[in-house]
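Peer 1: How does the following fold in three dimensions:
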Amino acid sequence: MNVGGAPAPRPFAYKEALAWLYGLQRFGIKLGLENIRRLIDELGVDLSNARVIHVAGTNGKGSVCAMIDSICRAQKYRTGLFTSPHLVTFRERIRIDGEMISENEVAAGLTNIRKVVADWEPHPTFFEIATALALKHFAEAKIDIVILETGLGGRLDATNAVQSNIAVITPIALDHEKWLGDSLEKIANEKAGIIKAQTPVVSGLQLPEAEKVIRARATECEAPLQFVEQVYDKSPIALRGEYQKVNAAIAIAATQAANVEIDKSAVTRGLATVEWPGRFQCWDKRTVIDGAHNPAAAKILADTWREIFGDEPATLILAILSDKDLHGICEALAPIADSVLLPKIRSERAVSPKELAKVLSAITPSLPYSITDSLDKALHLARAKLNPILLTGSLHFAGEALAHLRGEPAAFEECAQ
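Peer 2: Numbering: from 1, shown residues only. Got it, this is the predicted structure:
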């Protein structure tokens, strides 16, 4: 009991902590660094003894982060990895040496943060508090290498409050236009905002508009800039698809530019064992899960499908969020589909199957489709066919599919009381 005041809130249990955190989504997305800098300061976060690798981009940034983490762990560095979004459990976002943060650590960390921010105005957002939780967790664990994936954009993303040792930018395409701008140049400007003064930059190959922005920002910051033109093909990569060879080359270049000493055998072991679910993930011999959620990612997915399955078409199980480029995604995926199943999924943000059917019909009127009332029904119908199965259209849907196949609660059920 506080003297002369209200009782101090009791510590969170894990599900209560997540319920509180998800409740902060009512504050929406607020890009800016003031709150996160204040949080880092008041939590006493000190990462000065760690090397920080900061990764932005539109597609491939999660895979690059996972590869850097796996390579560094193979070299016996102690790593902290912060990524988003999660697929099945919130704990996926925060890992030390490959291990997810524990439920007890989430509960204790959020209990502490709730106390710190109780009377803040404006209140920190979901992502700001998730970022602060990760950074505090890493600081307490005495990490050697911290790998941070931006949540949205870069310049005003909460992860950009940390001084990095290197900025990594994967290929940039149109996505999140509502927040980042309606042109490639505007989006690149936001993502290039992670470049800091005299700090090395490693970038994948970019479209001309994005490359121009990155070069200008690097020049302004007097930051050494390297574009990775080669692919990595010296040893097997656990993640499938030719594009992962590009991501591997970016990951290797990033560790070198950050002056992280890695030997060739660690690169080989790290890439051979890297895990990154929901990215052309082969659940079984005929079922693939991929979170492609914009036209550029969908085109890469279609190319990878042809690499693996040749001319054999997919039974496509498709669900897309309503704020995405429905036409662009469907246009990229329709050529590899023999038929499409459109399930009603449990995300409130998903476009309705009927609306998606209209988009598909406008693109390829001859492509057969069926609307189902659940993912389970869609899978049942797909398995009755001979074609391989592709579940895609959203990382949220990839997470729901993975949870269903594993027989686990989906991400949105995790904090249910």
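Peer 1: Next, the contact list for residue 137, please.
Peer 2: Residues in contact with residue 137, defined by Cβ atoms under 8 Å, 6 or more residues apart in numbering, are 80, 94, 96, 101, 105, 109. No exception for glycine: its C-beta is placed from N, CA and C like everyone else's.
Peer 1: CSV for the residues you listed, including secondary structure and distance to residue 207?
Peer 2: Shown next, in CSV, are these (DSSP: H, G, I helix; E, B strand; the rest coil; distance: Cβ to Cβ, whole Å):
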residue, secondary structure, distance to residue 207
80, strand, 32
94, strand, 33
96, strand, 36
101, coil, 36
105, helix, 41
109, helix, 40
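Peer 1: okay, these in JSON lines with distance to residue 196, neighbour count and pLDDT next?
Peer 2: Below are these laid out as JSON lines (distance: Cβ to Cβ, whole Å; neighbours: other Cβ atoms under 10 Å; pLDDT from 0 to 100):
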{"residue": "80", "distance to residue 196": "19", "neighbour count": "26", "pLDDT": "98"}
{"residue": "94", "distance to residue 196": "23", "neighbour count": "27", "pLDDT": "98"}
{"residue": "96", "distance to residue 196": "25", "neighbour count": "19", "pLDDT": "98"}
{"residue": "101", "distance to residue 196": "27", "neighbour count": "23", "pLDDT": "98"}
{"residue": "105", "distance to residue 196": "29", "neighbour count": "19", "pLDDT": "98"}
{"residue": "109", "distance to residue 196": "27", "neighbour count": "22", "pLDDT": "98"}
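Peer 1: Pick the one among those closest to residue 216.
Peer 2: residue 80 (31.4 Å; Cβ to Cβ).
Peer 1: What lies in contact with stretch 270-284?
Peer 2: 62-63, 66-67, 69-75, 87, 232, 235-241, 248, 288-291, 301, 304, 308, 395, 398-399, 402, 405.
Peer 1: Could you tell me which of those residues belong to strands?
Peer 2: 288, 289, 290 (DSSP state E).
Peer 1: from memory the first one sits against residue 382, does it?
Peer 2: No - distance between residue 288 and residue 382: 11.4 Å, which falls outside the contact criterion (Cβ atoms under 8 Å).
Peer 1: shared neighbours, the two?
Peer 2: residue 389.
Peer 1: now the residue nearest the centre of the chain, nearest residue through space, not along the chain?
Peer 2: The centroid of the chain falls nearest to residue 84 when counting by Cα atoms, centre = their mean (4.0 Å). Take residue 84 and drop its neighbours on the chain: the residue closest to it by Cβ to Cβ, 6 or more residues apart in numbering is residue 151, 5.0 Å away.
Peer 1: So which helix or strand of the protein has the lowest pLDDT on average?
Peer 2: helix 177-180 (a mean of 61; mean pLDDT, DSSP states H and E).
Peer 1: Next secondary structure after that one?
Peer 2: Toward the C-terminus, helix 177-180 is succeeded by helix 184-191 as the next helix or strand (DSSP states H and E).
Peer 1: next one: that following helix to chain centre, how far?
Peer 2: On the basis of Cα atoms, centre = their mean, to the nearest Å, helix 184-191 is displaced by 18 Å from the centre of the chain it belongs to.
Peer 1: And that helix, what does it pack against?
Peer 2: helix 177-180, helix 208-220 (3 or more Cβ pairs under 8 Å, 6 or more residues apart in numbering; DSSP states H and E).
Peer 1: run the last query once more with 10 Å
Peer 2: Here helix 184-191 touches strand 51-56, strand 166-169, helix 177-180, helix 208-220, going by 3 or more Cβ pairs under 10 Å, 6 or more residues apart in numbering; DSSP states H and E.
Peer 1: Would you convert those into a markdown table that also reports distance to residue 139 and mean neighbour count?
Peer 2: Formatted as a markdown table, the helices and strands packed on helix 184-191 follow (distance: least, Cβ to Cβ, whole Å; neighbours: other Cβ atoms under 10 Å):
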| stretch | distance to residue 139 | mean neighbour count |
| --- | --- | --- |
| strand 51-56 | 11 | 26 |
| strand 166-169 | 19 | 31 |
| helix 177-180 | 29 | 14 |
| helix 208-220 | 28 | 17 |
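Peer 1: and residue 22, which of those is closest to it?
Peer 2: From the helices and strands packed on helix 184-191, taking Cβ to Cβ, the stretch that ends up closest is helix 177-180, at 19.8 Å.
Peer 1: Need the ones in strands among the contacts of stretch 270-284 in JSON lines (columns: pLDDT).
Peer 2: Listed next are these as JSON lines, based on pLDDT from 0 to 100:
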{"residue": "288", "pLDDT": "97"}
{"residue": "289", "pLDDT": "98"}
{"residue": "290", "pLDDT": "97"}
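Peer 1: Show me the protein divided up by domain.
Peer 2: 14-273, 281-413 (automatic domain parsing).
Peer 1: residue ranges with poor pLDDT in the stretch 301-417 of the chain?
Peer 2: 411-417 (pLDDT under 70).
Peer 1: ok, which stretches of it are strands?
Peer 2: 314-318, 337-343, 369-372, 389-392 (DSSP state E, counting those that start in this stretch).
Peer 1: Against residue 405, how distant is the closest residue to residue 387 other than its chain neighbours?
Peer 2: Leaving out its chain neighbours, the residue that sits closest to residue 387 by Cβ to Cβ, 6+ apart is residue 315, at 4.5 Å. Applying Cβ to Cβ, to the nearest Å, the value for residue 315 to residue 405 is 15 Å.
Peer 1: Give the other helices and strands that the helix or strand in which residue 37 is found contacts.
Peer 2: In the assignment (DSSP H and E), residue 37 maps to helix 34-43. The contact analysis (3+ Cβ pairs under 10 Å, 6+ apart) places helix 34-43 against helix 103-117, helix 126-140.
Peer 1: Next, the angle helix 126-140 makes with it.
Peer 2: Angle of helix 34-43 versus helix 126-140, following axes from the mean of the first three to the mean of the last three Cα atoms, to 10 degrees, is 30 degrees.
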